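In: Fold the following and give me the result.
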Amino acid sequence: MQTGPKNLITDIAGLRVGNAQDDTLKSGATVLLADTPFTASVHVMGGAPGTRETDLLAPDKSVAAVDALVLSGGSAFGLDACSGVVDGLRAAGRGFRVGSATIPLVPGAILFDLLNGGEKDWTDNPYRALGRRAYDAASDSFPLGTVGAGTGALSAMLKGGLGSASVQLPDGTMVGALVAANPVGAVTTPGDRHFYAAPFEMNGEFGGLGPDPSSGLGFSMESRKGAAMSPRENTTIAIVATDATLTKAQCQRMAVAAHDGIGRATVPAHTPHDGDLVFALSTSGHEVDASILGLIGHAASLCLARAIGRAIYHATPAPGDKLPCWSDLNA
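Out: As a prediction, the model looks like this:
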């Protein structure tokens, strides 16, 4: 296997990602768009999720495809980023047609970043505007780290961020992941140097330091974030995607498998104070043999683990930060 040309979820043809952030707010929004509506589903494993229109994505629901997916900071306020994306899609004439009405379908999920040191004393909810800006910025190339929905993200010990990764399977199928990593758990082993996701790293994409040679890992529950603020300031939200043609049920199974990537990259994961959620989508670019479906889910989990490592690796410092960046401690 090898990474895609950009090592981003947009290595899947037709996908675009847009980011918008407010550095004073220390928060932002991220949108994933496609050239045409796409099949999608979702699976939640965290105990404290925040979502919009995710019921549409259950395999037994009648909606066959959606127009965009949104990841946002801002807790419940951040769900309004979806409204800004809906505004952009409506202006472009995109959406589900019912008679003369056109209704863009935009599921979304949020993470909690309200106590991270940014100015949150707004009068009007800023997330609708952030969602529209993210929509307008959508491209097949985008930065990682302290951008979009990852702007205000924090892991247990280090600043979090936005990450992405891709892989091409032997038959040519492309799989990718996009994540805003803000977990209860740590993404690095004690000492803040080695990533839990290191065994799955490709081409030195988050430092190339390799796995921690120590044994007995995973038992330390040290948390700079927990000591500095509320234990509820959390959640990892992600999107995994493939160009293989999948049904909604198969997308849901891909989302389930992809959660393994959160567990591989974050210790602990899926806690009562996380809202861990994974969307999975298919652009239906080409038919695949049923025998490869398990490999697609496994590849999605590896891409998600790598994307989490890249999110923290690429985070950059900003005034008022409550936690250090990985780069601050490993220059």
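
In: all helices of the protein, in order?
Out: 75-78, 81-91, 127-136, 224-228, 248-265, 293-313, 326-329 (DSSP state H).

In: JSON lines please, covering those and showing distance to Leu158 and mean neighbour count.
Out: Using the backbone N, CA and C atoms, a C-beta is placed for each residue, glycine as well. Converted to JSON lines, the helices of the chain look like this (distance: least, Cβ to Cβ, whole Å; neighbours: other Cβ atoms under 10 Å):
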{"stretch": "helix 75-78", "distance to Leu158": "21", "mean neighbour count": "21"}
{"stretch": "helix 81-91", "distance to Leu158": "25", "mean neighbour count": "23"}
{"stretch": "helix 127-136", "distance to Leu158": "24", "mean neighbour count": "25"}
{"stretch": "helix 224-228", "distance to Leu158": "8", "mean neighbour count": "17"}
{"stretch": "helix 248-265", "distance to Leu158": "13", "mean neighbour count": "24"}
{"stretch": "helix 293-313", "distance to Leu158": "6", "mean neighbour count": "27"}
{"stretch": "helix 326-329", "distance to Leu158": "5", "mean neighbour count": "18"}
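
In: so which of the ones you listed comes closest to Ala58?
Out: Closest approach to Ala58 among the helices of the chain (Cβ to Cβ): helix 248-265, 7.7 Å.

In: Using PDB, write out the CA atom coordinates for that closest one.
Out: Written as PDB, here are the backbone C-alpha positions of helix 248-265 (Å, rounded to 0.1, in the frame of the first residue of the first chain):
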ATOM      1  CA  LYS A 248     -25.300   2.900   3.300                       C
ATOM      2  CA  ALA A 249     -25.100  -0.200   5.300                       C
ATOM      3  CA  GLN A 250     -21.600  -0.900   4.100                       C
ATOM      4  CA  CYS A 251     -20.600   2.700   4.900                       C
ATOM      5  CA  GLN A 252     -21.900   2.200   8.400                       C
ATOM      6  CA  ARG A 253     -19.800  -0.900   8.800                       C
ATOM      7  CA  MET A 254     -16.800   1.200   7.500                       C
ATOM      8  CA  ALA A 255     -17.500   3.800  10.100                       C
ATOM      9  CA  VAL A 256     -17.600   1.100  12.800                       C
ATOM     10  CA  ALA A 257     -14.300  -0.300  11.700                       C
ATOM     11  CA  ALA A 258     -12.700   3.100  11.500                       C
ATOM     12  CA  HIS A 259     -13.300   3.700  15.200                       C
ATOM     13  CA  ASP A 260     -10.400   1.300  15.800                       C
ATOM     14  CA  GLY A 261      -8.200   4.100  14.500                       C
ATOM     15  CA  ILE A 262      -9.200   6.300  17.400                       C
ATOM     16  CA  GLY A 263      -8.400   3.500  19.800                       C
ATOM     17  CA  ARG A 264      -5.000   2.900  18.200                       C
ATOM     18  CA  ALA A 265      -4.000   6.600  18.300                       C
END
